[in-house]
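J.: this is a predicted model, with the sequence first.
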Amino acid sequence: MSDSGHFKFSKTNVIVPLMGMILIWLVYWVELQMGINLNEYGIMPRTLSGLKGVLFSPIIHGSLEHLYNNTIPLGILLMALFYFYRDLAWRMLLYGVLLSGFLTWCIGRTSYHIGASGLIYVLASFIFFKGVFSAYFRLIALSLIVVFIYGSLLWYIFPVKEGISWEGHLAGFITGLLLAVIFKVKIPVQHKYDWESEDYNEDDDNFLKHFDENGNFIEYMEKEESLGDDTIVQYHFNPSKKDE
């Protein structure tokens, strides 16, 4: 598979991130319009009823600031996922939500854990580690971009700020790492030039024949020969002393 065939833009690259962002805003709008609070649909650790939050917690947010802070990272990382890892994007999303939610349910404090930040950590962790593991230059570059933009997220897998579900962040980070190890991706075949092959011989390279042993360009002269039947062959040649 070529590089261009592997990384191909499609409507899904835009529609899925856009729908994800619209969904979390829609849920928050419904809460405001109906005067309800959906926090009880978040993850309540180690309770049977709290397991429903594994599915619903990513779309529930406690405030406008909470919602805003999660919207842009969610959209960008989803777009990167579906563009660079389209073959496994849906599976990665499904397992990412379920596994990170369950880990949060196991290790979290006795409180409702809500928000898309756990999924954001899944995406950031997966994209970073998968790029490093692949050793493919484009995916490594993507990993570096994620570190550059979202590297500060790493601090929030620790209890550094009150009111933040660091357990959800840690669960998402671990989940992304695990999925990066488990899931296999098809890496495009990188084009190799003749000079990159082990059996390459410079003496057989037609291009290098234009240069002498010191790297100086050799001037060629044009010559024509007639093969009869009005057929003319024109070629370049390196004149010897006897031709001068």
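T.: The structure has been received and is ready for your questions. Residues are numbered from 1 along each chain as shown.
J.: longest helix in the chain, please.
T.: Ordering each helix of the chain by length in residues (DSSP state H) puts helix 12-34 first.
J.: what's next to that one, contact-wise?
T.: Residues outside helix 12-34 that contact it (CB atoms under 8 Å, 6 or more residues apart in numbering) are 36-38, 58-61, 64, 67, 70-71, 74-76, 78-79, 82-83, 86, 89, 116. Bear in mind the C-beta positions are built from the backbone N, C-alpha and C, glycine included.
J.: mind checking which of those residues are in helices?
T.: Counting by DSSP H, the contacts of helix 12-34 place 64, 67, 70-71, 74-76, 78-79, 82-83, 89 in helices.
J.: ok, of these, which one's closest to Leu51?
T.: Leu51 lies nearest to Asn70 out of those, by CB to CB, at 22.1 Å.
J.: you'd agree the closest one is up against Tyr121?
T.: No. Between Asn70 and Tyr121 there is no contact under CB atoms under 8 Å: 10.8 Å.
J.: when the two are compared, which one has more neighbours?
T.: Taking other CB atoms under 10 Å, Asn70 and Tyr121 do not tie; Tyr121 has more neighbours (28 against 20).
J.: tell me the pLDDT at the more buried one?
T.: We note a pLDDT of 96 for Tyr121 in this prediction.
J.: how many residues are close by the nearest residue to it once chain neighbours are set aside?
T.: For Tyr121, ignoring the flanking residues on the chain, the nearest one in space by CB to CB, 6 or more residues apart in numbering is Gly172 at 2.9 Å. Counted with other CB under 10 Å, the neighbours of Gly172 add up to 32.
J.: separation between Gly172 and Gly35?
T.: As defined by CB to CB, to the nearest Å, Gly172 lies at a distance of 31 Å from Gly35.
J.: and Trp25, by the same measure?
T.: 17 Å.
J.: the more surrounded of these two?
T.: Comparing Trp25 with Gly35 by neighbour count (other CB under 10 Å), the higher total belongs to Trp25, at 16 against 6.
J.: near Leu51, how many other residues are there?
T.: 15.
J.: return the distance of the spatially closest residue to it that is not a sequence neighbour relative to Leu93.
T.: Nearest residue to Leu51, sequence neighbours excluded (CB to CB, 6+ apart): Trp105, at 6.3 Å. Distance, Trp105 to Leu93, by CB to CB: 18 Å.
J.: who touches Pro45 in this structure?
T.: 104-111, 113, 167.
J.: how is the chain divided into domains?
T.: 3-182, 202-243 (automatic domain parsing).
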